[in-house]
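Asker: structure for the following, please:
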Amino acid sequence: MTRSFMPHRWPRLLAAPLLMALIVVNLAAASPVRAANRDRIEAFLNVTGFDVALDSIRFSASAAPEMLGVQARDFGSEWKRLTDKVFDTAQMHSMALDMLEQTLSDENLNFAVEFYAGDLGQRLVEAENASHMIEDDDAKKGEGEQIVADLVEQGSPRIELFKRMNRAIDSDGSSLKAIEEIQVRFLMAASAAGVVDLTMDADELRAALKAREPEMRIALQKSALAGSAFTYQRFSDDDLGLYTEALEAPEMRQVYELLNAVQYEIMANRFEALAAEMAELRPGQDI
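Answerer: Model prediction:
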């Protein structure tokens, strides 16, 4: 299942004026008449590949030091231990289940599972899972960009299919706002923990990020296009056409709006937790 998170690993992420407001709006809109139970949601996560997407959130941890103007390696050998602790996959999985148990309707769950449980759906999930777990995002992005360049030169219709897919996946345009808000929440938490001295308050920081929205929006679109080109390079145009139509269905759009909201809230929560833990680390030192 392709996601709308992270230009590379940070920002198909990287989050509207208050991410929590975004989450509340999306969850309220998705508030079901009949919520799916936890066991069915567990199966849903596995069939759709969203469980692997959650696991891959930990790769975004390298963005934290970069936002502070340093590199992860500057924090010494304890950095991996710290990020493994904060981005614990079992904890993130449980957080997702808690939110989805209250918000994912049986109707939308059934629609998504019916598609992803089929032959094409499972082949897509296999490719998407493999793509998510590639930690070298620069290499993946570079290969994807070359594929896009070749397709443009050929005048291939796949480019428009990829664009339609990405629009459907992020139909409410929440990715850019989510990216901004995750950064704000991380930096404010880092400031509160004494990790960094900020000269701006939260509103000023949001304004500064908003001023960069045009270039960030273009970067996100280019990144999403390269990611799709890389991930789906072995699928036929017919397969991609069927997938695009499935993603454009109202039920699937609602599923993705909800999954994006859940994912962004988990990321923001974990980055805030990381900021608090980083107070015990200093560049060039091991604990």
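
Asker: in the lengthiest helix in the chain, what's buried?
Answerer: Secondary structure of the chain per DSSP state H: the longest helix is helix 250-278. For helix 250-278, burial by neighbour count (16 or more other CB atoms under 10 Å) applies to 251-275, 278. (Glycine included, C-beta is placed from N, CA and C.)

Asker: stretch 70-80 now?
Answerer: 72, 75-76, 79.

Asker: now that stretch: how far from the chain's centre is it?
Answerer: How far stretch 70-80 lies from its chain's middle: 23 Å, per CA atoms, centre = their mean, to the nearest Å.

Asker: quick check: mean pLDDT of that stretch?
Answerer: When pLDDT is averaged along stretch 70-80, the result is 81.

Asker: again, but for stretch 206-223
Answerer: 93.

Asker: flag every buried residue along that stretch.
Answerer: Applying 16+ other CB under 10 Å to stretch 206-223 flags 206, 209, 216, 219-221, 223 as buried.

Asker: out of those, list just those in helices.
Answerer: 206, 209, 216, 219-221, 223.

Asker: Throw the residues you listed into TSV and include distance to Leu97, thanks.
Answerer: Formatted as TSV, these follow (distance: CB to CB, whole Å):
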residue	distance to Leu97
Arg206	30
Leu209	31
Met216	31
Ala219	32
Leu220	28
Gln221	31
Ser223	29
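
Asker: and those residues, which is closest to Leu104?
Answerer: Nearest to Leu104 among these, counting by CB to CB, is Leu220 at 25.5 Å.

Asker: surely the closest one touches Ser174?
Answerer: No. Taking CB atoms under 8 Å as the definition, Leu220 is not a contact partner of Ser174, at 11.2 Å.

Asker: before we move on, the earlier item: starting at the chain centroid, how far to the longest helix of the chain?
Answerer: 7 Å.

Asker: got it, and stretch 98-111?
Answerer: On CA atoms, centre = their mean, the centre of stretch 98-111 falls 19 Å from that of its chain.

Asker: buried stuff in it?
Answerer: Here stretch 98-111 shows 99-101, 103-105, 108-109, 111 as buried, counting by 16+ other CB under 10 Å.

Asker: ok, so of those residues, who is nearest Ala192?
Answerer: Met99 (24.7 Å).

Asker: count of neighbours near the closest residue to Tyr256 other than its chain neighbours?
Answerer: Nearest residue to Tyr256, sequence neighbours excluded (CB to CB, 6 or more residues apart in numbering): Ile169, at 5.2 Å. Counted with other CB atoms under 10 Å, residues neighbouring Ile169 total 24.

Asker: one more: Glu42?
Answerer: Under the criterion other CB under 10 Å, the count of neighbours that Glu42 has is 16.

Asker: which of the three states applies to it?
Answerer: Assigned state for Glu42: helix (three-state reduction, DSSP: H, G, I helix; E, B strand; the rest coil).

Asker: how about the residue nearest to it when sequence neighbours are not counted, what does it touch?
Answerer: Excluding its sequence neighbours, the residue lying closest to Glu42 (CB to CB, 6+ apart) is Leu97, at 6.9 Å. For Leu97, the contact set (CB atoms under 8 Å, 6 or more residues apart in numbering) comprises 38, 41-42, 45.

Asker: ok, 10 Å please
Answerer: Taking CB atoms under 10 Å, 6 or more residues apart in numbering, we find Leu97 in contact with 38-39, 41-42, 44-45, 51, 54, 104, 262.

Asker: Glu213 too?
Answerer: Contacts here follow CB under 10 Å, 6+ apart; on that basis Glu213 touches 176-177, 179-180, 220.
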